[in-house]
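Visitor: After the sequence you'll find the predicted model.
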There are 2 protein chains.
Amino acid sequence: MLPASLARYLPVLDWGRRYDRNALTNDLIAAIIVTIMLVPQSLAYALLAGLPPEAGIYASILPIILYAIFGTSRALAVGPVAVVSLMTAAAVGQVAEAGTMGYAAAALTLALLSGMILLAMGLLRLGFIANFLSHPVIAGFITASGILIATSQIGHIAGIKTEGHTLPEMLGSLWRNLGQINFITLVIGVSATGFLFWVRKGLKPLLRAKGVGPRMADVLTKAGPVAAVVATTVAVWGLGLDQFGVKIVGDVPSNLPPLTMPDLSPDLVSALFLPALLISVIGFVESISVAQTLAAKKRQRIVPDQELIGLGAANIGAAFTGGYPVTGGFARSVVNFDAGAETPAAGAFTAVGLAIAAVALTPLVFFLPKATLAATIIVAVLSLVDLSILRRAWGYATADFIAVATTIGLTLIMGVEVGVSAGVLVSVLLHLYNTSRPHIAEVGLVEGTEHFRNIRRHAVLTDPSLVTVRVDESLYYANARYLEDYLYDRVLRDKAARNVVLMMTAVNEIDLSALESLEAINTRLSEIGIDLHLSEVKGPVMDRLKRSHFLHDLSGRIYLSQFAAFCDLTSLCDRKLKAAE
Amino acid sequence: MLPASLARYLPVLDWGRRYDRNALTNDLIAAIIVTIMLVPQSLAYALLAGLPPEAGIYASILPIILYAIFGTSRALAVGPVAVVSLMTAAAVGQVAEAGTMGYAAAALTLALLSGMILLAMGLLRLGFIANFLSHPVIAGFITASGILIATSQIGHIAGIKTEGHTLPEMLGSLWRNLGQINFITLVIGVSATGFLFWVRKGLKPLLRAKGVGPRMADVLTKAGPVAAVVATTVAVWGLGLDQFGVKIVGDVPSNLPPLTMPDLSPDLVSALFLPALLISVIGFVESISVAQTLAAKKRQRIVPDQELIGLGAANIGAAFTGGYPVTGGFARSVVNFDAGAETPAAGAFTAVGLAIAAVALTPLVFFLPKATLAATIIVAVLSLVDLSILRRAWGYATADFIAVATTIGLTLIMGVEVGVSAGVLVSVLLHLYNTSRPHIAEVGLVEGTEHFRNIRRHAVLTDPSLVTVRVDESLYYANARYLEDYLYDRVLRDKAARNVVLMMTAVNEIDLSALESLEAINTRLSEIGIDLHLSEVKGPVMDRLKRSHFLHDLSGRIYLSQFAAFCDLTSLCDRKLKAAE
C-alpha cells in the first residue's frame, strides 16, 4: 500500500524510474528554449505585480521544481502569470505601498496563504470547487483582466505614473499625469511594442518563406522579446538615455533565491485570506485548463486533486524563496510542450537555467528600460482579450450573457476581486432562477403508439378526467413551490379532473423540500377528491421515495410506464395494446 | 384596461362589490373571536421584541386594514408574530439599547425598510426569491427560533434579567443572574404556563365531554390566555404583589395609534438593511405558507407577487403608526379561518376591535404581570419546535440533513441572521455539489426491444466500437467539466472505441459552459479518430444548439432515437426492427 499511495502523491516516482537518455535530450532542449523566453517575461510580470524584478525570477525556480515532484502534468510550466500578477498587485496594494519592504513581505504571505489553500483543497479533494466558475465568467474575467493589465502598462510605455487597480482610476491618473510624458521613453516603448507585434504576426511567415524550418522559425519567434530586451538595453546604455529620464530596471541582486519567512501576523492574514482564495481558484482553473489541453493531445491524464497539491507546493515554495503567487501559465507551457518537453524534468532544467540567470545575468539588465518590459506585457496580454465571448453568449442564452457582461463590467469598474466574485454569484443565481421555473408540459397519447407528447404541440388523445403533467427538471427546493402553484392553478377549478399523473422521466432527484411539496399536493388534491399518481419514476429517485412515508400516503398509484397509467385511468386505450401491456 | 389592472393591484375591488349581509355576519363573529385572542398576544410579542406593550396593538391596526385592501388571502390575519418579533429584537438590539427612544424609533425604520423591500419585490415580481429558502432550512429556522424565544422568556417567568440573542448568551446570563430570582413571580409564571398548557391539551376534550359544542369549545380554548391575563392581573392588583418585586406592564397610553415618522438617517438604514431583507423574506415565506394552506381548503387562489404588495403596504403602515415589522401569522389566521371569516373585511373589523381595546382597555392591563405574557409566548412557540425534521431529513437525504442541522445549530449558537443566511448558502452549495457530479450510465440495448439500460445493472447488447453514455442531469457549468473528465477517462485509452453517443433524455438544458465542453470533447475525440454523436435531444435544447456552431462542427450525427443511433453505428440490430425504423 505504501509505495502505491506514495506514487499517488508523488507522481515523480512514476515517470522518474522510466527516465532515459532520449527523454533527457528532449527535456534539455525544451528547457533552454523556455529559459530564454522566461527571463524577460519573469522580470515583466514582477513589474506588473508591483514587485522588484528579481521576484519574478525567484518565483520561477523552486516552484517549478516542486511542481515537477508533485504535479501530474508532463508539460505544465509553473511560474508568474499575467492575471495572477495583476490580482497580486490588487490584493497587496490594499495592505501596503508599492515598492516598500512591507509590500514584498505581503506578497510572500499571499503566496503562502494561496499555497496552503490549494494544498488543503487538494488533500480534502475539493477540486470540484473550480467547477463553480462557469466558462462565461472565466472568459469574461480573463478578457477584462487583459484590458486592465494592458492599461496599467500604458504609463510605463510613455513614462507616466499610473495609479489604481480599476479602469476608471487608471485612465483618470493617466489623464491627470499626461504632463509627465517622456518622449524618449515613448519612442522606446512604442518601437518595442510595434516590433513585438510584428514578431508575433509577421516574422514567422517571413522566416518560413526564407526557407527556415518550422520548429526553428517558432524558436526564433519566441525569442523576439529577448531581441527587444537586448536592443533597447544596448541603446539606453550606449546613448546614456537613463540620464534623460528613461526609467530602467537598475540594480538587481546577483544571487540564488534568498530564504524568506512570510509575515503571518493575524491582521495581514485576515486581510489577505479572501484575495488568496480567489487567486488560488482562478490560478487553479487557468492551470488545469492548460494542463488538460496539453495532456489530451498525448492521451495523458491529469488528476485535478493532485494538481491542487502540486500548485500548493509550488506556491509554498515561492513564499519561502522571495517569490509571489504562481500558477501554470498558458504561454510558457505551450512553448515547453512545442519544444518537445517529455517529462517534468524539463521544468527542473528550466529552474537550473533561471538560477544561472539569477546569478550571472542580472547585472546585464541594469540598463533595460521598463518600457520594454511593459511592451512585452502588452503584447502578451492582448491575446487574452477576446470580446467575442459577449457576442457568442448573446446569441446562445440570456443567462450566460448576463453572467459574462456582469463579470467584464464589474472587473473593469470595481476591480478583479469584485468582478470575479460577482460573476460567480450571478451565475449561481441565474442557474437557480432558471431551474426554479422548469418547463412543465401537459401531455397526451400519440394515437397508435405508446408515446406521450405535449398537448399544445401535437394532436394527442386526452381524457378530461385525467391530467398528465411532465416536469422537465429535477424537483428540488427552488422549484418545488412552482410545481405546487402550477398544479393548483391547473386543477383546483377543473371540475372534471379526477386523476393527476406526474410523469417523472426527466426528474433525476427529489429533495426533501420537493418531497414535502408532493405530500402537500397529494393531501390537497385528496381533499377535493382527486387522486395523485406517478409514472416512469427513475430507480435512484424511487429508492429514496421508499425511505419516506410518501408512497404509503399517496392517494393514487405508481405506474412503471405512462402508457400503463393512461390505460388504467382512462378507457381510451386500444384493447390490443392493453392486452399486450 | 384600467379597471382590470386596478382590480389586480386592489383585490378589495373584486370581493368588495359582492359583499352581502351573510358575509358581514360571519366576518363580524370571526373578528370578535380574533380580537379577544389578539389583545394579550399583541402585548406579549411586543415584549418579546423589546418594545413597549402598546406597540404590539398599534402594529395590528393599520396593517390589518392595508392588507385587507391589497392582499389576496381571504383569511390571513396580519400583525406581530413570534419569529419576526425575535428577529426584530436581534436586529434593533444591534443599533440601540432596549427600552430607549432610539430602540422604538429603529423598530419603525426596520418596519419601513421591510415594507419597501416587500413592495419592491412585489412590483418587480420577485416572489420567486422565497423559493430559495428550502423546506429544511425554514423548518430548522422556525424550530431553532422557537427554542430561542422560549429561552428568552424563562427570565420573565422567574423575574430574572436575560441578556443576549443566542442560546449560550441567554443561558449564561440566566445562570449568572440566578440570584435575582423572585419567587412570587415564579409562582405566577409557572402557574400561568401550566394553566395554558392544560387549556391547550386538556380543556377541549373536557368541554366536549361536558356536552359543549365543538365550535364553542374551540372559542373557549382560544380564550384561555384571556382568562390567565384576567386572573393574574386581579391577583397582582388585589394582593399588591407589584410591591414585592413582581414586574407588571404598567402605564400604557390610552389612545389610537400615533402618527410616527421613521428615522431614515443613512447609518441606521445601512445597519438595518440586511436584517430588514431577512425579515421580509422570512415573513413572506411564513405568511404565504399559511395563506396557501387556508386558500386551498376553499379552492381559492393566492397570488404571491400581490401578497408581497399586501405585506409591504402592511409594514409601511406599521412604520407610520408606532408599530414594528408584521406578517401573516399562523395561529391568528387559523383562528380567523375556523371562526368563519369569509373576506378580508373580518380583518378590518378586528382592527376596529383592537382600536377600541387600545383606547378603552389599556388602563386595565396596568397590573398585568409580565410573567403571564411570557407564559403565553412560551406556550405558543413551543408548538413551533419540531425536531423531528432532523430525523426525517437524516432518513431521506444527507444534503437535506446537513442543511437543517447547520440552520438549527447556527441559529441557536450564532443568532437568527447568521443561522438563516448560512442555511440558504449551504443549501445552494449542496445543490450545486450534487448536480456537479451527475449520475452517468453507460447503456446498451435490451435484446428484442428498443430500450436502452445501464450495462452494469442489466444484460444488454453492446459493441466494443460504440460507447453510449446517458447523463441523468442537465448540462451546465458546474458539471460540464465532470462530463469531460468522465469521457476522457472512459475513451482516451480505449483502443476499440470508434463512436461515442451521448443519450440526452434527461438533459433539460445545455448552458454555454456545457456547450464549450461539448465542443472540446468533440475536438479532442476527433483528434484521436473517434466520432461524437447525440441522440434523443429535447426540442428546446435542440433549438438552442441550432443557434451555435456546435451542430456544424460535430464530427458525428444527431439521432432522433437512441435505437436509430445503435442500428446505424453497429451491426447488432435486428434486420426487421431496422427495416421498421
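Guide: All right, it came through fine.

Visitor: I'd like to know how far the residue nearest to residue A:571 when sequence neighbours are not counted sits from residue B:83.
Guide: Nearest residue to residue A:571 in three dimensions, chain neighbours excluded: residue A:463, at 7.8 Å (Cβ to Cβ, 6 or more residues apart in numbering or on different chains). Glycine gets a C-beta too; all of them are placed from N, C-alpha and C. Applying Cβ to Cβ, to the nearest Å, the value for residue A:463 to residue B:83 is 45 Å.

Visitor: again, but for residue A:480
Guide: Counting by Cβ to Cβ, the gap from residue A:480 to residue B:83 is 21 Å.

Visitor: likewise residue A:176?
Guide: Distance of residue A:176 to residue B:83, computed by Cβ to Cβ: 54 Å.

Visitor: for residue A:255, helix, strand, or coil?
Guide: coil (DSSP: H, G, I helix; E, B strand; the rest coil).

Visitor: Just give me the neighbour total for it.
Guide: Neighbour count of residue A:255, defined by other Cβ atoms under 10 Å in any protein chain shown: 13.

Visitor: can you pull out the helices in the stretch 301-450 of chain A?
Guide: Here the stretch 301-450 of chain A has its helices, by DSSP state H, counting those that start in this stretch, at A:304-320, A:330-338, A:345-356, A:370-382, A:388-396, A:398-414, A:416-436.

Visitor: should've said the stretch 101-250 of chain A
Guide: For the stretch 101-250 of chain A, the helices defined by DSSP H, counting those that start in this stretch cover A:101-123, A:135-158, A:167-176, A:183-198, A:204-209, A:214-222, A:224-239.

Visitor: Go through those helices and name the closest to residue B:63.
Guide: Taking Cβ to Cβ, helix A:135-158 is the member of the helices of the stretch 101-250 of chain A nearest to residue B:63, at 42.6 Å.

Visitor: What mean pLDDT does the closest one get?
Guide: Per-residue pLDDT over helix A:135-158 has a mean of 90.

Visitor: Compute the inter-axis angle for that helix and helix A:183-198.
Guide: 140 degrees (axes from the mean of the first three to the mean of the last three Cα atoms, to 10 degrees).

Visitor: Can you verify my assumption that residue A:261 contacts residue A:322?
Guide: No. Taking contacts as Cβ atoms under 8 Å, residue A:261 lies outside contact range of residue A:322: 10.6 Å.

Visitor: These two - which one has more neighbours?
Guide: Neighbour totals were compared for residue A:261 and residue A:322, and residue A:322 leads with 26 against 10 (other Cβ under 10 Å).

Visitor: how deep is the nearest residue to that one once chain neighbours are set aside tucked in, by neighbour count?
Guide: Distances taken as Cβ to Cβ, 6+ apart place residue A:58 nearest to residue A:322, at 4.2 Å, with adjacent residues excluded. Residue A:58 has 30 neighbours, counted by other Cβ under 10 Å.

Visitor: Residue A:58 and chain B, how far apart?
Guide: Applying Cβ to the nearest Cβ, to the nearest Å, the value for residue A:58 to chain B is 33 Å.

Visitor: And that residue, which helix or strand is it part of?
Guide: If you go by DSSP states H and E, residue A:58 is part of helix A:54-70.

Visitor: by contact count, what packs against that helix?
Guide: Judged by 3 or more Cβ pairs under 8 Å, 6 or more residues apart in numbering or on different chains; DSSP states H and E, helix A:54-70 is in contact with helix A:12-16, helix A:21-48, strand A:78-79, helix A:101-123, helix A:304-320, helix A:345-356.

Visitor: what is the rounded mean pLDDT of the last one?
Guide: Looking back up the chat, that one is helix A:345-356. Here the average pLDDT along helix A:345-356 is 90.

Visitor: Can you mark which positions in it are buried?
Guide: A:345-351, A:353-355 (16 or more other Cβ atoms under 10 Å in any protein chain shown).

Visitor: Please convert these to a markdown table, extending it with distance to chain B.
Guide: Output for the buried residues of helix A:345-356, formatted as a markdown table (distance: Cβ to the nearest Cβ, whole Å):
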| residue | distance to chain B |
| --- | --- |
| A:345 | 24 |
| A:346 | 23 |
| A:347 | 23 |
| A:348 | 27 |
| A:349 | 28 |
| A:350 | 27 |
| A:351 | 30 |
| A:353 | 32 |
| A:354 | 32 |
| A:355 | 36 |
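
Visitor: Please identify which of these is nearest to residue B:121.
Guide: Among those, and counting by Cβ to Cβ, the member closest to residue B:121 is residue A:347, at 54.5 Å.

Visitor: The closest one and residue A:62 touch, don't they?
Guide: No. Using Cβ under 8 Å, residue A:347 is not in contact with residue A:62, being 11.3 Å away.

Visitor: Tell me, how many residues neighbour whichever residue of the stretch 401-550 of chain A sits closest to chain B?
Guide: Closest contact between the stretch 401-550 of chain A and chain B, by Cβ to the nearest Cβ, is at residue A:477 (3.3 Å). Look at residue A:477: counted by other Cβ under 10 Å, it has 28 neighbours.

Visitor: for residue A:463, same thing?
Guide: The burial count for residue A:463: 17, using other Cβ under 10 Å.

Visitor: Let me see the contact set for it.
Guide: A:569-572 (Cβ atoms under 8 Å, 6 or more residues apart in numbering or on different chains).

Visitor: export the helices and strands packed on helix A:54-70 to JSON lines and tack on distance to residue B:382?
Guide: Below are the helices and strands packed on helix A:54-70 laid out as JSON lines (distance: least, Cβ to Cβ, whole Å):
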{"stretch": "helix A:12-16", "distance to residue B:382": "62"}
{"stretch": "helix A:21-48", "distance to residue B:382": "62"}
{"stretch": "strand A:78-79", "distance to residue B:382": "60"}
{"stretch": "helix A:101-123", "distance to residue B:382": "43"}
{"stretch": "helix A:304-320", "distance to residue B:382": "47"}
{"stretch": "helix A:345-356", "distance to residue B:382": "65"}
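
Visitor: Pick the most deeply packed of those.
Guide: The highest mean neighbour count among the helices and strands packed on helix A:54-70, using mean count of other Cβ atoms under 10 Å in any protein chain shown, belongs to strand A:78-79: a mean of 32.

Visitor: so after that one, what's the next helix or strand?
Guide: Downstream of strand A:78-79 (by DSSP H and E), the next one is helix A:82-93.

Visitor: Having no further points to raise, I will conclude here.
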